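Enquirer: Dropping the sequence and predicted coords here.
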Amino acid sequence: MPDLSTTYLGLKLKNPIVPSPSPLMQKLDNIKRMEDAGAGALVLHSLFEEQIMQASQLLDHYLDLGAESFAEALSYFPEAESYNLGPEGYLEHIRRAKETVGVPVIASLNGVSTGGWVEYARQIEQAGADALELNMYYLAADPSQTGAQVEQMYLDLVRQVKAYIRIPVAVKLGSSFTALANFAQQLATAGAGGLVLFNRFYQPDLDLDNLEVVSNLNLSSSVELRLRLRWAGILYGRINTDLAITGGVHTGTDALKCMMAGARVAMIASVMLEHGIGRVRTLLADMARWMDEHEYASVQQMQGSMSQKAVAYPAAFERANYLKVLRTYKSPL
């Protein structure tokens, strides 16, 4: 039996399969089932910055504005007053989760401002979370706002949170940054112990019959993994932080690709929402079977083995491969 153990954020995990934020995390029995199925760690659903805002009118406004924006949310807070797992409830949920399972429990804060909500990072630590994931999303829709200003906003938040707590902090971010490698390095310098690649945001659609902007929930597919593999492969060994991949991990093969690109963990949500929590067990069995067949003794042996630094043709990760791909494409027509 190959050794599937890994480390992430300084935590020792029995394997790299980590369920990520989703509605499944709101029930303790689901969390226990994930551990029983073999999950190496768990990332709880997010406490949203908007939930912590005291003014109820602002809370209702932002919840309506962001409805169905996040993979974990589904239709996340249809009515603010009906959602009973607010800040205090979330802290209690962390405590009970820690009592329920023996694997590391990672909490999640979803926001981007450096306001009073950062204080909850300390309370999350006191509630017993083993680590904190900052699920950061900001849509720079103001034409006067520069990319540098947006990046500084993210960096300030990481520094402030790190000043409040001692548990490790990971940053879950999107891919839409002009110089992502440089920004990743800055996040690591600011104190991010891990980077989660990448946040998956749902895009609005247009209903032409009713002339409305609508939000639809579409689960991920393995095709989406390619962007994550590319950047994990580029960043591996170049920045001093752990890498996690989320979005598009549906099979044991997907998880193995994540490891070889340089990730420490492969996070899953859509595959469990579609096929059930027991899918964790299937992914782990498939990983172990492939590793046996190809004579890999451990996950750590393969981590980064197909990163840009390790492969024979590193240009495949960058623009140099663009023309080659276009030239070799054969139309089915």
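Expert: Structure received. Numbering: from 1, shown residues only.

Enquirer: At which residues are the helices of the chain located?
Expert: When assigned using DSSP state H, the helices of the chain occupy the ranges 28-37, 49-52, 56-65, 87-100, 119-126, 147-164, 180-190, 225-235, 252-261, 270-275, 279-293, 299-302, 322-328.

Enquirer: To residue 218, which of the ones you listed lies closest?
Expert: Of all the helices of the chain, helix 270-275 sits nearest to residue 218, with 9.0 Å by CB to CB. C-beta here means a position set from N, CA and C on the backbone, and glycine is covered the same way.

Enquirer: So for the closest one, mean pLDDT?
Expert: For helix 270-275, the mean per-residue pLDDT is 96.

Enquirer: do the same with stretch 283-295
Expert: On average, the pLDDT along stretch 283-295 is 98.

Enquirer: and what of stretch 25-37?
Expert: For stretch 25-37, the mean confidence score works out to 97.

Enquirer: how far is that stretch from where the chain is centred?
Expert: Centroid separation between stretch 25-37 and its chain, computed with CA atoms, centre = their mean, to the nearest Å, is 18 Å.

Enquirer: What residues sit buried inside it?
Expert: Buried residues in stretch 25-37, counting neighbours by 16 or more other CB atoms under 10 Å, are found at 25, 26, 30, 31, 33, 34, 35, 37.

Enquirer: what about the nearest residue to the fifth one once chain neighbours are set aside, neighbour count?
Expert: Taking CB to CB, 6 or more residues apart in numbering, and ignoring the residues beside it in sequence, residue 33 has residue 277 as its nearest neighbour in space, at 4.7 Å. Using other CB atoms under 10 Å, residue 277 has 21 neighbouring residues.

Enquirer: just residue 245 next, same as before
Expert: Residue 245 - counted by other CB under 10 Å - has 31 other residues nearby.

Enquirer: What residues are bridge-paired with it?
Expert: Using DSSP bridges, the beta-bridge partners of residue 245 come out as residue 197, residue 266.

Enquirer: ok, now which ones touch it?
Expert: 196, 197, 225, 228, 229, 232, 258, 261, 263, 265, 266, 267 (CB atoms under 8 Å, 6 or more residues apart in numbering).

Enquirer: And it, how close does it get to residue 212?
Expert: With distances taken as CB to CB, to the nearest Å, residue 245 is found 35 Å from residue 212.

Enquirer: what does residue 161 give?
Expert: Residue 161 is 38 Å from residue 212, by CB to CB.

Enquirer: Those two: which has the busier surroundings?
Expert: For residue 161 and residue 212, the more surrounded residue by other CB under 10 Å is residue 161, and the numbers stand at 23 against 10.

Enquirer: Give the closest residue to the more buried one in space, chain neighbours not counted.
Expert: Among residues not flanking residue 161 along the chain, residue 121 sits closest, at 4.8 Å (CB to CB, 6+ apart).

Enquirer: How many residues are close by the one you found?
Expert: Neighbours of residue 121 under the rule other CB under 10 Å: 24.

Enquirer: going forward, begin numbering at 31 instead of 1
Expert: Happy to do that; since the first residue is 31 now, the last one works out to residue 151.

Enquirer: That one contacts residue 138, correct?
Expert: No - taking CB atoms under 8 Å as the definition, residue 151 is not a contact partner of residue 138, at 10.9 Å.

Enquirer: Show me the common contact partners of those two, please.
Expert: Common neighbours of residue 151 and residue 138, using CB under 8 Å, 6+ apart, are residue 162.
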